[in-house]
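S.K.: got a predicted structure here, sequence first:
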Amino acid sequence: MRWVTIRTRHIGTATLLVCCCAGNAQAAVSVEVYSAGSLRGVVAELSRESATQLGTEVKATFGGSGLLRERIEGGEKPDLFLSADLGSPHKLEIARRTLVPVIPFARNRMCIVSRNGSGVTATNLIDRLLDPHVRVKTSTPVADPSGDYAWAIFDRIEAHRPGAGAVLKKKAQALMSVTAPAAPGQSPAVGLFTAGAIDVSVTYCSGATTLEQELPGLTSLPVPPDLDPHPVYGLAVLSAKPEAWRLALFLLSQQGQAIIAHNGLVPLMDPASTAP
């Protein structure tokens, strides 16, 4: 599986090089990017670097990858789509909306965020999640890949303990619409923890550190490898605009991959990463 992913990336990169070189130098210098919310830090840093190195302005729209994909299917036309999964951009590829096959560009890991003293460990994780008194929050599946990955974790737990997956999905479903007032600049998850509305959040490890910094008293635990679906992020090129091709290439370059690592994700070529 790993060599297929890497080979796909190389093929996509070669195609990008050809199209980038063939582009019209007179095209617009702005690139519209639809991006998964978990890539805010990556896109912000990418924007700064592209402005100085490529002379390109990045106009970013963030949201759940599934919802962004639906907007594109509905007629909206960004130049690039940076998705937190491969499935959402692949649907656009099947619909012939992409100029090249979907290109994997980063990985992530899933983490369990809870309060210090909650006693959640890799050994007792399943028992703690199943505790009737522990309120488990996830994102919404389909709309946001983070929710799909959480459901995949529950499915893996089901394989270890029959019946447990359904219980966890029911618990998480009950909390999906729960909201709490958040202070200015405060993330929704921290608002829920602050309000005492949740006990555990299943989320990306790339964002777990930010939550811990935002609210002292939180701690994160990486999901054990046998339960982790090992998220893979996909890039869809939707425009022939030369600046879009150059930005895509930059993201795949060593410097672009360093930006990914700097923001807590796993570079595609990281030898320590685990293939899904």
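M.R.: Alright, I've got the coordinates. Only a predicted model underlies this, so the values are computations on that prediction, with no experimental measurement involved.
S.K.: contacting residues for the closest residue to His90 other than its chain neighbours?
M.R.: Nearest residue to His90 in three dimensions, chain neighbours excluded: Val102, at 5.3 Å (C-beta to C-beta, 6 or more residues apart in numbering). Backbone N, C-alpha and C define where each C-beta goes, glycine included. The neighbours of Val102, taking C-beta atoms under 8 Å, 6 or more residues apart in numbering as the test, are 12, 86, 89-90, 92-93, 234-236.
S.K.: now do the phi/psi pair for Val102.
M.R.: As for Val102, its main-chain torsions (degrees, to the nearest 10) stand at phi -60, psi 140.
S.K.: who's Met110 bridged to?
M.R.: Tyr204 (DSSP bridges).
S.K.: returning to that earlier point: can I get the contacts of Val102 in a markdown table including distance to Leu130, neighbour count and pLDDT?
M.R.: As requested, those are exported to a markdown table (distance: C-beta to C-beta, whole Å; neighbours: other C-beta atoms under 10 Å; pLDDT from 0 to 100):
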| residue | distance to Leu130 | neighbour count | pLDDT |
| --- | --- | --- | --- |
| Gly12 | 42 | 21 | 53 |
| Leu86 | 30 | 23 | 98 |
| Pro89 | 34 | 29 | 98 |
| His90 | 33 | 17 | 98 |
| Leu92 | 37 | 19 | 98 |
| Glu93 | 38 | 16 | 98 |
| Gly234 | 32 | 25 | 98 |
| Leu235 | 37 | 24 | 98 |
| Ala236 | 38 | 28 | 98 |
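S.K.: looking at these, spot the one nearest Arg69.
M.R.: Taking C-beta to C-beta as the measure, Arg69 lies nearest Leu92 of those, at 6.4 Å.
S.K.: isn't that closest one up against Arg71?
M.R.: No: checked against C-beta atoms under 8 Å, the pair Leu92 and Arg71 is beyond contact range at 11.1 Å.
S.K.: which stretches of the stretch 151-276 of the chain form strands?
M.R.: Secondary structure of the stretch 151-276 of the chain (DSSP state E, counting those that start in this stretch): strands at 200-204, 218-222, 232-237, 266-267.
S.K.: one step back: out of the contacts of Val102, which comes closest to Pro222?
M.R.: Set against Pro222, the nearest of those by C-beta to C-beta is Leu86 (21.4 Å).
S.K.: residues contacting the residue nearest to the closest one when sequence neighbours are not counted?
M.R.: Spatially, and ignoring its direct neighbours in sequence, Leu86 is nearest to Gly234 (4.2 Å; C-beta to C-beta, 6+ apart). Neighbouring residues of Gly234 by C-beta under 8 Å, 6+ apart: 83, 85-86, 88-90, 102-105.
S.K.: now with 7 Å?
M.R.: By C-beta atoms under 7 Å, 6 or more residues apart in numbering, Gly234 lies in contact with 83, 85-86, 89, 102-104.
S.K.: go on, Arg115?
M.R.: For Arg115, counting by C-beta under 7 Å, 6+ apart, the contacting residues are 217-218.
S.K.: quick one: it from Ser201, how far?
M.R.: According to C-beta to C-beta, to the nearest Å, Arg115 stands 11 Å off from Ser201.
S.K.: now do the residue nearest to Asp148 when sequence neighbours are not counted: how many residues are near it, please.
M.R.: Leaving aside its chain neighbours, Asp148 sits nearest to Pro141 (4.8 Å; criterion: C-beta to C-beta, 6+ apart). Pro141 is flanked by 19 other residues according to other C-beta atoms under 10 Å.
S.K.: what about Pro141, distance to Lys169?
M.R.: From Pro141 across to Lys169, the span is 9 Å (C-beta to C-beta).
S.K.: overlap of the contact sets of the two?
M.R.: Counting by C-beta under 7 Å, 6+ apart, the residues touching both Pro141 and Lys169 are Trp151.
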